[in-house]
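Q: structure for this input, please:
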Amino acid sequence: MALPSQSVSQNARGRYMYRRKRRKKFPTLALLACAAIACGGVWWYLDNRDAESGSTTEETAKATAPATAESGSPAANFDARRRARSLETTVTAAPPEGWTTGLQTTATPAPAPVPSPAPTEVPASAPTTVATTPIAPETNFFGGTSEASSIQQARQLLGEDRPVEARALLSNALGSGTLTPAQLDEARYMLASINDRLVFSPEVVPGDPFVTTYTVKKGDSLAKIVKSLGVQVDWRFIQRVNGLSRPNQIRPGQTLKIVTGPFHASVERNSHRLDLYLGEGSNEVFVRNFLVGLGEHGCTPSGMFRVRRNSKLVNPPWTNPRTREHYAANDPDNPIGEFWLGLEGIDDHNQQEAGFGIHGTIDPGSIGRNESMGCVRMRTGEIDMIYEVLTEGVSTIWVDNGLQAAQVPGG
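A: Here you go, the predicted model:
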């Protein structure tokens with residue numbers, strides 16, 4: 001379509017040529033003079049119209065240009081930086097010494113199948129793997145390029161009862177760094193709802209790469225099953241997922257849902273948010289997020305951490321490093337609550353951090369605030385689930401960068 005300035009120019013030339021045909025009897029000099037005057041007028045007219053048109057176009061472009069500040073917001077950048085750091089850690093970090101598992105711990109397209117239980121413990125049959133080919137999060141099932149449209153696409157997938165694909169699509173969008181804060185909140189909400197079914201319910205959805213099933217044999221216990229399968233969760237999580245009121249409630253012939261792990265986490269200090277993830281590398285998916293308490297005066301250390309071996313404790317004793325007041329195990333007044341997970345730094349700048357961890361609290365009012373001595377505090381009912389899914393020597397926790405301050409051990 002012609003621009004306004006081009007239309008004016010064509011009409012002006014037409015008028016001028018019409019006049020020249022009517023006046024061809026005039027003397028040549030007069031005709032040339034008239035032509036020169038007319039051309040000058042046309043040039044002046046077009047020049048001013050083009051300048052006005054250019055100015056108007058520029059102002060219109062400024063007024064209608066899509067806002068990109070939100071998608072580059074700290075909230076969006078946190079998810080993108082966390083995903084990049086997770087991929088880097090997955091590729092470069094060697095498996096912890098002594099760790100053996102039938103599941104892959106490197107960034108490959110598909111996890112290896114869960115190994116069969118040892119013959120001495122499970123003589124009858126091997127566990128049945130529900131899916132062997134994971135859905136890659138980077139797959140765009142609709143061929144589109146807009147990450148913002150992923151939310152609508154995920155709704156359509158859910159309407160078609162394809163939650164595994166919807167989870168992969170939303171998780172990929174979450175880590176892209178292109179969603180606005182409002183879209184990030186909606187994506188996390190949708191993912192938490194999806195994982196209520198895929199992760200936390202007894203239902204086994206076909207195609208889920210993080211789930212297998214196991215048929216209980218005589219003499220089995222949840223702890224024995226978890227150990228024989230080599231899955232990277234605590235036996236208590238298997239009890240939770242299958243809705244068992246007691247760990248000894250299992251019976252021979254019963255089919256259990258097994259979530260294989262591994263789980264990882266990240267902490268965004270500005271929003272006091274802990275995000276939980278399932279899987280490794282590019283196959284990692286978002287599970288849900290939790291509000292947490294952090295260190296006063298910005299003293300929570302940053303960087304990549306790993307759950308320290310032999311550090312997960314239930315109802316641990318604790319001594320306040322400031323007052324030296326001691327709390328015995330099972331003391332209801334113990335400020336760190338019922339669960340403790342010790343963390344070790346694996347970056348150059350945080351390897352010397354001591355006494356840093358994730359724990360519960362008896363002060364729920366401190367959640368969402370900076371009141372601890374540096375550690376990550378969680379509510380009762382949430383810290384116990386985190387205790388169950390984060391594995392010693394395997395699970396990583398990335399804490400985003402911020403003001404560097406001395407961390408006080410044991411907070």
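
Q: domain ranges for this protein?
A: Partitioning the chain according to automatic domain parsing yields domains covering residues 4-50, 74-259, 292-399.

Q: show me the shaky parts of the stretch 301-411 of the chain.
A: 402-411 (pLDDT under 70).

Q: just the helices in it please.
A: Listed in chain order, the helices of the stretch 301-411 of the chain (DSSP state H, counting those that start in this stretch) span 383-389.

Q: do the same with the stretch 101-250 of the chain
A: 150-159, 163-174, 181-198, 222-229, 235-241.

Q: buried sites along the second one?
A: With burial defined by 16 or more other CB atoms under 10 Å, the residues of helix 163-174 counted as buried are 163-174. C-betas here are computed from N, CA, C, even on glycine.

Q: before we move on, what about the fourth one?
A: For helix 222-229, a neighbour-count test (16+ other CB under 10 Å) marks 222, 224-226, 228-229 as buried.

Q: cool, the longest one as well?
A: Buried residues in helix 181-198, defined by neighbour count with 16+ other CB under 10 Å: 183-184, 187-188, 190-192, 194-195, 198.

Q: residues making contact with that helix?
A: By CB atoms under 8 Å, 6 or more residues apart in numbering, the residues outside helix 181-198 that reach it are 70, 73, 75-76, 79, 148, 150-151, 154-155, 158, 163-164, 166-167, 170-171, 173-174, 179, 203, 205, 208, 210-211, 275, 285-289.

Q: quick one: average confidence on it?
A: Averaged across helix 181-198, pLDDT comes to 96.

Q: what does the shortest one give?
A: Taken as a whole, helix 235-241 carries a mean pLDDT of 98.

Q: run me through the strand neighbours of the helix or strand following that helix, direction for each.
A: The C-terminal neighbour of helix 235-241 among helices and strands, as given by DSSP states H and E, is strand 255-259. Counting by DSSP bridges, the strands paired with strand 255-259 are strand 211-215 (antiparallel).

Q: returning to what we had before: can you list the buried residues of helix 181-198 in CSV and add distance to Pro262?
A: CSV is the format used below for the buried residues of helix 181-198 (distance: CB to CB, whole Å):
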residue, distance to Pro262
Gln183, 28
Leu184, 24
Ala187, 22
Arg188, 20
Met190, 23
Leu191, 18
Ala192, 19
Ile194, 19
Asn195, 15
Leu198, 16
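
Q: between the residues you listed, which is closest to Arg379?
A: Ala192 (15.6 Å; CB to CB).

Q: from Glu325, how far off is that closest one?
A: 38 Å (CB to CB, to the nearest Å).

Q: next: Gly337.
A: 16 Å.

Q: compare the two (neighbour count), which wins?
A: Neighbour count, other CB atoms under 10 Å: between Gly337 and Glu325, Gly337 has more, with 21 against 11.
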